[in-house]
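A.B. asks: How does the following fold in three dimensions:
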Amino acid sequence: LAQPPVRRRAYELFYYAHHISLAVFVMALWHATGSWPFLIGGLVFWLFDGVLRLAAATSTEVRLVSCTSLESAGVTRIELELASWEWVWNPRLLSCCRPSARRPATFFPQLVRAPFRYKAGQYAFLTIPAISAFESHPFTISSAPGDGPVVSFHIKDMGP
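C.D. replies: Numbers count the residues shown, from 1 in each chain. Below is the predicted model of the structure:
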């Protein structure tokens, strides 16, 4: 199922087959209780990946800048303005909160809005709620990292 032709033509089959593996894990643990040392490592990595994806998805603000169809090439260009919320431990950011008798000095992290950072060749999972709120697909970012706050994607129509 991980072969490029399957991923390209039947991504949902690829995606859901990998999520069905959770049921296989549970059934294997229920059926053969001695199998947990062999299965727990993969399950922990899968859960950790899910938590990281959820954290990244909920910490990014998205604003649609433009969506243009380049029909002659069968490509859609989507431009998004992305910003993320990050925890910052920099004590200089806390200079607005001068210590006093009522409020002692603290070095707790602050949540700040930061520009979305990415590298050339990186991809992002895009979800289009009008089509499906629970389905996302990976697309390569086509803009350069130094182009500013707008991130562009060129998405080729691969058919139905």
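
A.B. asks: mind checking how far the lengthiest strand in the chain is from the chain centre?
C.D. replies: As assigned by DSSP state E, the longest strand anywhere in the chain is strand 75-88. Its chain's C-alpha centre and that of strand 75-88 lie 11 Å apart, by CA atoms, centre = their mean, to the nearest Å.

A.B. asks: And stretch 138-151, by the same measure?
C.D. replies: Using CA atoms, centre = their mean, the offset of stretch 138-151 from its chain centre is 15 Å.

A.B. asks: And for stretch 131-149?
C.D. replies: Worked out by CA atoms, centre = their mean, stretch 131-149 lies 9 Å from the chain centre.

A.B. asks: Same question for stretch 149-157.
C.D. replies: Put simply, stretch 149-157 sits 15 Å off its chain's centre (CA atoms, centre = their mean).

A.B. asks: picking that back up, can you list the buried residues in the longest strand of the chain?
C.D. replies: Ile78, Glu79, Leu80, Leu82 (16 or more other CB atoms under 10 Å). All C-beta atoms are positioned from the backbone trio N, CA, C, and that covers glycine.

A.B. asks: Please identify the pairing partners of it and their relative orientation?
C.D. replies: Strand pairing for strand 75-88, using DSSP bridges, gives strand 60-70 (antiparallel), strand 110-115 (antiparallel), strand 150-156 (antiparallel).

A.B. asks: The helix or strand hosting Phe48 packs against which elements?
C.D. replies: Using DSSP states H and E, Phe48 sits within helix 36-58. Using 3 or more CB pairs under 8 Å, 6 or more residues apart in numbering; DSSP states H and E, the elements in contact with helix 36-58 are helix 11-31, strand 123-127.

A.B. asks: and the ones you listed, which is most packed in?
C.D. replies: strand 123-127 (a mean of 14; mean count of other CB atoms under 10 Å).

A.B. asks: Give the rounded mean pLDDT of it.
C.D. replies: Mean pLDDT, strand 123-127: 85.

A.B. asks: For Pro145, grab the count of nearby residues.
C.D. replies: By the criterion of other CB atoms under 10 Å, Pro145 has 13 neighbours.
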